[in-house]
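Q: Fold the following and give me the result.
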Amino acid sequence: MTVRYALRSLRRQALVSTLVVITIGLGVGTATAVYSLVDALLLRPFPYPDPDRLVRMQCSQTEGANETMGASLPDLEDWRREQRTLTALAAYGQFDNNLTDGGVTQSIKMTFTTPELFALLGADPILGRTFTQDEDREGGDVRQLVLGYELWRSHFGGDRNVLGRTVRLRGDAYTVIGVMPAGFRYPDRSDVWAPLMARYASYTFPFWRARGARMHEVIGRLAPGVSVAQARADFERIAASLAETFPDTNGTITAGAITLREAESGKLRPYLLLMMGASLCVLLIAVVNVASLLLARAAAREHDVAVHSALGAGRGQIALRMLTECLLLASAGGILGTALALAAIPRIPRFLPDHLPAWIRFEPDPGVLLFAVVISLLCGALFSLAPVMRLARADLHPRLKDGARGSASAGVRALSTLVAVEVGFALLLLVLAGLLLRSFDQLQRIDAGLDTAGILAVRTSRFISGKSQAELAPIYSSDHRGFESRFAELPGVTAVGGSYFVPLGDGRAQRQTALLSVRGQDQKDLSRQLPAIAVLVTPSFFETLGIPLLDGRFFTEAEGPATPSVVIVSKTAAETLWPGRNPIGQQVRWGTEAEGGGWSTVAGVVGDTRWSAFETGQNLEIYFCARQFGTLAITFFLRTNGNPAALIPEVRRIVAELSPETAVVYARPYQDIIEESTWQPRVWSIVLSAFAMLAAALAAIGLYGVLNYLVAQRTQEIGIRLALGAQSGAIVLLVLRQGMLWAGAGGAAGLALAIAGGRLVQPLLHGVGPLDLPTYVTVVAGILGVCFVACLLPAWRASRVDPNVALRRE
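A: Reported below is the predicted structural model:
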C-alpha cells in the first residue's frame, strides 16, 4: 500500500521525479565507473598464489637522482647469497622481438628470465616444462623457449605437438619446450620466455657482467612470517655491505623492497585516489541537489500532509511514505547510474596506455555492482533526511488554515545551507582540476632543448648472433647508414638522425648511472655514481632534433670502429666535470675498465636535453657515436615538412627491403610518443575537469531551483512591494543578492577546502604550486559567474510578477 501510494505521488510530480533520477544516476554512474578503475588497478588481487607476499627489489641512489633501478647480475648473486627474508628471487628483462615460423614473421614481447619466475608466481605449464637452472647459465643450452597460451593459440593453432619445434627469433633458433596457461603473461603481456642467459649468449663485450649494469628487474616472495619492512631492511643491509666492498660501483647505491602491487600501480595510486574522491564529491553534490529539491517539494506539500494528519495518519506513517518515495527515486537513479557505468567501463582502456599489466581487466565484477547498490541506497537515505526531519519539526495545524500555500520562509535556511555546500564542493573540484591543468600545461611548455614538431620516430632492432663486438659495429653502422640514406630520399624529409634512447619519451635513460672518470683528476673526486646518461647517436642526430652546438664540433661520418673514440657532452656535463675549464680535448671514461669502458676525447659541447618531462634536475649527458660502437636497436628521427604519419608505409617498406632481419618495433609521430609519456597528468586532469564541470553544473542547477522555489513562495510579498512602487530592477537585485550571498558563503568555504586540498595534490604538480594565484582567481571568478547566471532567470521572473494577480491569489 505504501509503495503504491509513493508511486502515485511520484507520477503526479513526474518532472521533479525525473530530475531526481537523472541527477542521482549521473552521480552514481560517475562514482561506480571510477570505483571500477580503482578496483581493477588497486584492489583486485593479482592472479597468483598469495599475491600480497610478492615483492619487487630495486636499487636507488642515496644522493642525486631519485630514479629506481634494477639489479646487475653480480649484485643479484650477492642478494641471493646474503638475503634472509625471501623464499626465492627471480630476475628478468623484456624486449620486443620478431618470431619467424613457417615463413611467417610476427612481432612479439619476449622475456628473458631466471627459472625461478614460474614457481615464484605459482604458474605451471599446461604442456611440456619450463627451463632449468642448468640451462640458464653461461655456456648452457640457453636456446629454450616457453610459449604463452595466447601466442600458442593464435600463431601455432593450439597444436599440442608444438613441443620440440624450432622457431627463429631474430635469426637465432629456439626449441619450444613448454606452453603456459591462459592468462599468464607476466611481466608485461609477455608472449614467450627464454633463459636470462640467452640474452647474453652472443655478447662478447663484458659490460653485461659488470656490477654497474643494473638492468634486470627482480621480484621475490616473502618467507613465512616476514614483513615487507623486514625485507626492505634486509636488502638495505646487503646494499650497505656492498657499498663498503665495492665503493666505485656501489658507493652511493642502496636497495630495498616494495610490494608488487606498489611496484605495478604505485604511481597510479595518488591519481586514482584523487579521482575517487572527486567522483564522491560529485555524488555528494548530486545528493545535496536532490535534497534541496525534495525539501522544497516537502514544503509545498505541507497542506496535503496536514490533511492526512487530520484524517488520522500519524507522523511515522507519513515519514514512511516519504522515505519510500526517496528510496524508490534512489533505486531508479541507481539503476540508471549502474547502466551508465556498465556502458562506460569497457571504454576506459581507450584512455589508458596499452602497456598496463595483462591481468588488469576492466570489467564489472560483483564488488563493483555491490558498490553501486550500496551507494544508491545510501543516497536515498541521505537525501530523505531533509524532508523527513522537516516533517518531524513542522507544526502542521496552521497549514490547514493557510490552504495550499506554504510558509514564505519555510526551509529557506536549510535550502541556503544545501546550496552553499554544493557551491563549496564544486569550487574545490574546480581548483584541483585547474591546478592539474596548469601543471600539465607547464609540462608541455618545458624547454626540452630540442624541436619535436613534424618528426616521425622509427624504432628498429636487429640481433646478430655469433659475432664479436668488433665485428658487429661495422655491420650495424652500415645498416644505419643505409637506412638514413634511404629515409632522407623520401618526399618531404629534410633531415634524419638516430639515437638509442628517445628524448622526452624514454624513462630508461634516467635509470643509468655509471662511474665517470676524467683523466688527470683525482678519481676520489668523481667516485660518486653521477646521474649521467650515455647515449649512442648518429652524426646527424643533433641537427635533426635542433640541439644546438655550443663548442667544438658534431660527430662526422669519418668516425668509425677503427678511429679514436670521441664523445660529445652536454653543457651541464661540461660545467660539472670541468668547471672553469675548456672541455674540448679532455678525456672521459664511462664505467670502469673491467666493464669495457675506454677513454674517449671530448669533441664538442651541446645544449642540455630532457629525457623525461618529469625530471627534477638536469642530468649529465655523454653522447657516443653509433658509427664507432654500433647498436642493435636504434630510433631514427625523420624531420618532415608535412604529415609524419604519412611516411610510415614507405619507412616499413624500406626497412624490409634493405634488411629483412631488422624488426620495426614502431613507427609513430614523435609527438605521440611524448604525449604517451605524459599520459597520466593529461588523462587525469581531463577527467577531473569533467567532474568539476559536472559539479559546477549541478551546483548551478541547485541554486536555480532553490531561487525559483523562493520566488514562488514569496509571490505575495513581491506583489506587495511592486504595488507599493518598487521598481522591477530593485526586485531583480533583491533576488540576485539573495542568491549571490548563498554562493559567496559556499565559495568561501570551498576556498578553504581548496587550499587544504591543493597541498594534498602537491606531489602531482609540476612547475605549479598548490596556491597558484591565477588558478584560484580564475576559478573563483568562474564559479561566481556561473552562479550569477543561474540567479538571473529567477530574478527576472520575480520582476515580472503582476501585483494584481499575486494579491488575488491570497
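
Q: Nearest residue to residue 444 in space, please, no chain neighbours.
A: Computed as C-beta to C-beta, 6 or more residues apart in numbering, the closest residue to residue 444 that is not its neighbour in sequence is residue 678, at 7.9 Å. The C-beta positions use only the backbone N, C-alpha and C, and glycine is treated the same way.

Q: how far away is the one you found from residue 766?
A: Computed as C-beta to C-beta, to the nearest Å, the residue 678 to residue 766 distance reads 9 Å.

Q: which residues are in contact with both of the two?
A: When contacts are counted by C-beta atoms under 8 Å, 6 or more residues apart in numbering, residue 678 and residue 766 are jointly contacted by 440, 443, 613.

Q: Just the ones in helices from the residues you listed, please.
A: Taking DSSP state H as the definition of helices, the shared contacts of residue 678 and residue 766 contribute 440, 443.

Q: now the shared contacts of residue 678 and residue 766 in a markdown table, with distance to residue 60, neighbour count and pLDDT?
A: Compiled in a markdown table, the shared contacts of residue 678 and residue 766 are given as follows (distance: C-beta to C-beta, whole Å; neighbours: other C-beta atoms under 10 Å; pLDDT from 0 to 100):
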| residue | distance to residue 60 | neighbour count | pLDDT |
| --- | --- | --- | --- |
| 440 | 27 | 23 | 88 |
| 443 | 23 | 19 | 81 |
| 613 | 20 | 19 | 72 |
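
Q: Contacts only, for the residue nearest to residue 444.
A: Shown here is residue 678, whose contacts under the criterion C-beta under 8 Å, 6+ apart are 440, 443, 444, 613.

Q: need the residues you listed in JSON lines with distance to residue 336, can you?
A: Putting these into JSON lines (distance: C-beta to C-beta, whole Å) gives the following:
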{"residue": "440", "distance to residue 336": "32"}
{"residue": "443", "distance to residue 336": "37"}
{"residue": "444", "distance to residue 336": "37"}
{"residue": "613", "distance to residue 336": "40"}
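
Q: from the shared contacts of residue 678 and residue 766, which is closest to residue 261?
A: Of all the shared contacts of residue 678 and residue 766, the one sitting nearest residue 261 is residue 613; the distance, using C-beta to C-beta, is 25.7 Å.

Q: Spatially central residue for the chain, please.
A: Centroid check for the chain by C-alpha atoms, centre = their mean gives residue 680 as the closest residue, at 3.2 Å.

Q: Wait, that one touches residue 265, no?
A: No. At 11.8 Å, residue 680 and residue 265 do not qualify as touching, with contact defined as C-beta atoms under 8 Å.

Q: Quick check: nearest residue in space to residue 251, chain neighbours excluded?
A: Using C-beta to C-beta, 6+ apart and skipping the chain neighbours, the partner closest in space to residue 251 is residue 243 (5.4 Å).

Q: Whatever helix or strand that neighbour lives in - what's its average pLDDT?
A: Counting by DSSP states H and E, the element that carries residue 243 is helix 228-245. For helix 228-245, the per-residue pLDDT values average out at 94.

Q: Give the pairing partners of the longest strand anywhere in the chain; include direction for each.
A: The single longest strand within the chain, with elements called by DSSP state E, is strand 86-101. When pairs are called by DSSP bridges, strand 86-101 turns out to pair with strand 104-113 (antiparallel), strand 166-169 (antiparallel), strand 217-222 (antiparallel).

Q: Out of these, which gets nearest to residue 31?
A: When those are ranked by proximity to residue 31, the top entry is strand 217-222, at 33.9 Å, counting by C-beta to C-beta.

Q: Return that closest one as PDB; C-alpha atoms alone will do.
A: Provided in PDB are the C-alpha atoms of strand 217-222 (Å, rounded to 0.1, in the frame of the first residue of the first chain):
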ATOM      1  CA  GLU A 217      64.000  -6.300 -12.800                       C
ATOM      2  CA  VAL A 218      63.900  -8.600  -9.700                       C
ATOM      3  CA  ILE A 219      60.900  -9.900  -7.800                       C
ATOM      4  CA  GLY A 220      60.700 -12.300  -4.800                       C
ATOM      5  CA  ARG A 221      58.400 -14.000  -2.400                       C
ATOM      6  CA  LEU A 222      58.400 -13.200   1.300                       C
END
